[in-house]
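**Student:** Using only what follows, build the 3D model:
(2 chains, ligands or ions: 2)
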Amino acid sequence: MSEWLYQLENLTKEYGGRRVLQVDNLQVRRGEVLAVVGPSGAGKSTLLRLLNFLEPPSDGCIRFLDLQVTADRPAPLAYRRRVTMVFQRPVLLDRSVGANIRYGLQIRGCRNEDHELVAVLDLVRLRDVVHQPARTLSGGEAQRVALARAIVLRPDVLLLDEPTANLDPYNVGLIESILRNLNREFGTTLVLVTHNVFQARRLADRVALLLEGRIVEVADVEAFFQAPQDPRTAAFVRGEMVY
Amino acid sequence: MPPAGARRHQAGKWRGHVPDETRRSTIDEIWNGLTEAFRRLGTLDPALVEIVLLSFRVSGTALLVSVVLGIPLGAALGLSRFVGRKLVTALIYTGMGFPPVVVGLFVYLLLSQSGPLGRLDSPLIPDLFTPGAMVVAQIILSLPLVAGFTMAAVLGVDPELRQQVQSLGATRVQAAWTVLAEARSGVVVSVIAGFGSIISEVGAVMMVGGNIEHRTRVLTTAIVLETRKGNFDLALALGFILLALTFLTNVAMLWLQGRSLDR
Ligand SMILES: Nc1ncnc2c1ncn2[C@@H]1O[C@H](COP(=O)(O)OP(=O)(O)OP(=O)(O)O)[C@@H](O)[C@H]1O
Ligand SMILES: [Mg+2]
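**Tutor:** Ligands and ions are numbered 1, 2, ... in the order given. Coordinates of the predicted model:
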């Protein structure tokens, strides 16, 4: 079994001729928590969409396990279903909380999802609102539903796009502990986009800095924060403008 | 003979001061129409039942075809980007405002013995003055409404939703289906609008059906006929029945819409 799960090679993504992502080389290791930090517009969400095989790369290649995804070779469904993402702005279905969480299981043709549903509801502390229409939830509750509907699928890789932005400390703490448990108990690989360097420090094994679509530095969390190799990383860690 | 001016004056006066007897008789007529409607419904008047059944058969068939074609068409237009999509959209929006009598005229010309389709004498193409011809005309009227409202409803769904459900493992078809389910209120509106436009329509069915007794007479054409004959009671009775049946149909559709997807 190889050590890495993803291997990105000369990957680029363009929108309307504008290059927004250019990753020459990046690996995601099996079972790690990789935090991706960087300023707004750096291409973090774009990177996650590519890792989720939702959009084809413009050029280059994503290796995932024994699969090679390129511009004209999309990922088959079975591989796509091993990865799931919690979006930056989660859009819930106009159904009950329970129906939202069951959705991913249902489209996989799973019956008897009730056991999984109850377990995950307890995890995100949403048992009381299971029958409530999702559109009536508070922001923090909605974000927890978005997390719950992803983790109930037991993905190999969970991609998280700022899962705790705009949340109160209680919800941040709850979500961080859920993520930590997921990673430790089930070995779920996490790729976490965050604006919050403290969160990256708390959760990540390794940190990558993305700047204008390029990876500036990837390092173990201690090295990234204590001894950054690149001056731009040092500036970012100090909270200075790097762009 | 009084001068024209005086006559005009008299006419104006008559309109301005409706005599009490006239007013009462209008109310009486409405009342009589209601009781007549209930009597005919209560006794299941065979002539009435025939007309009601044909109305629903014609408009129901036309609606069914419009829904089967229009909802997928509307959904596809709302979900995909292709060259010429704007043109198709403009055509559909135009179709949403088609005057029934003009559609009736077109279908009449198409299906008449010397028309381009009538001449083919194919068993697939209905003859003029048959329920089949009326169905064809009503499909042309309701299909753009169903497709247009469905498209608008699908466009109203958050565009990010499709990618999010794909991230949860949905296939393209499952994702499209989920978006359509999110747009369900609008899709039901599209069906109700399509149905309302044809069950109440008189111009096209009159033109291509001909209001032939026992063959092509439907509620709306019967109302026109009875009004012309001065049978206001009967015309009103038919009118009430049309309203009531349309109301009940819509309540049934809304009930279907209200049933949530929550299980
Ligand atoms: N579908 C798209 N079409 C065109 N341009 C896009 C598209 N998606 C992203 N972009 C552009 O790509 C660049 C990177 O966007 P991305 O959303 O990945 O940034 P980000 O790092 O996630 O920023 P933020 O922290 O603000 O969420 C932006 O300039 C954005 O305008
Ligand atoms: Mg983003």
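
**Student:** Tell me which helix or strand comes right after the helix or strand harbouring residue B:67.
**Tutor:** Per DSSP states H and E, residue B:67 falls inside helix B:46-79. Moving toward the C-terminus from helix B:46-79, the next helix or strand (DSSP H and E) is helix B:85-95.

**Student:** Tell me which residues touch the residue in chain A positioned nearest to ligand 2, please.
**Tutor:** Going by C-beta to the ion, ligand 2 is nearest to residue A:45 of chain A, at 3.1 Å. (C-beta placed from N, C-alpha, C; glycine too.) Taking C-beta atoms under 8 Å, 6 or more residues apart in numbering or on different chains, we find residue A:45 in contact with A:88, A:161, A:193.

**Student:** mind checking how far the longest helix along chain A is from the chain centre?
**Tutor:** If you go by DSSP state H, chain A has its longest helix at helix A:169-186. Chain-centre distance of helix A:169-186: 13 Å, with C-alpha atoms, centre = their mean, to the nearest Å.

**Student:** helices or strands up against the helix or strand following it?
**Tutor:** Following helix A:169-186 in sequence order, the next helix or strand is strand A:189-193 (DSSP H and E). With contacts defined as 3 or more C-beta pairs under 8 Å, 6 or more residues apart in numbering or on different chains; DSSP states H and E, strand A:189-193 has these neighbours: strand A:18-29, strand A:33-37, helix A:44-51, strand A:157-161, helix A:169-186, helix A:197-203.

**Student:** how about the fourth one against ligand 1, any contact?
**Tutor:** The one in question is strand A:157-161. No: against ligand 1, strand A:157-161 shows no contacts by C-beta under 6 Å from any ligand atom, the least distance being 7.1 Å.

**Student:** quick one: strands adjacent to that strand?
**Tutor:** strand A:83-86 (parallel), strand A:189-193 (parallel) (DSSP bridges).

**Student:** List, one by one, the residues from chain A near chain B.
**Tutor:** A:49, A:52, A:54, A:77, A:80-81, A:83-85, A:87, A:89-91, A:93-96, A:98-99, A:103-104, A:107-108, A:131, A:149-150, A:153 (C-beta under 8 Å from any C-beta of the partner chain).

**Student:** which among those end up buried?
**Tutor:** A:49, A:52, A:54, A:80-81, A:83-85, A:87, A:90-91, A:93-96, A:98-99, A:103-104, A:107, A:149-150, A:153 (16 or more other C-beta atoms under 10 Å in any protein chain shown).

**Student:** Let's see which of those residues end up in helices.
**Tutor:** A:49, A:80, A:98, A:99, A:103, A:104, A:107, A:149, A:150.

**Student:** Can you pull the phi/psi pair for residue 112?
**Tutor:** By default, I'm working from chain A. phi 50, psi 60 (degrees, to the nearest 10).

**Student:** picking up where we left off before, adding distance to residue A:213 and mean pLDDT, write the strands paired with strand A:157-161 out as JSON lines.
**Tutor:** Conversion of the strands paired with strand A:157-161 to JSON lines gives the following (distance: least, C-beta to C-beta, whole Å; pLDDT from 0 to 100):
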{"stretch": "strand A:83-86", "distance to residue A:213": "19", "mean pLDDT": "98"}
{"stretch": "strand A:189-193", "distance to residue A:213": "14", "mean pLDDT": "98"}
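
**Student:** Which one of the ones you listed lies nearest to residue B:68?
**Tutor:** Closest to residue B:68 of these is strand A:83-86 (C-beta to C-beta; 34.4 Å).

**Student:** Could you give the separation of the closest one from the chain centroid?
**Tutor:** Distance, centroid of strand A:83-86 to centroid of chain: 6 Å (C-alpha atoms, centre = their mean).

**Student:** Which residue, other than its chain neighbours, is closest to the residue most central in space within chain A?
**Tutor:** Nearest to the geometric centre of chain A sits residue A:159, at 1.8 Å (C-alpha atoms, centre = their mean). Spatial nearest neighbour of residue A:159, chain neighbours left out: residue A:85 (4.0 Å); criterion: C-beta to C-beta, 6 or more residues apart in numbering or on different chains.

**Student:** hmm, which two among the ones in helices among the buried ones among the residues of chain A next to chain B are most spread apart?
**Tutor:** Farthest pair in those (C-beta to C-beta) is A:49 and A:98. Separation: 27.6 Å.
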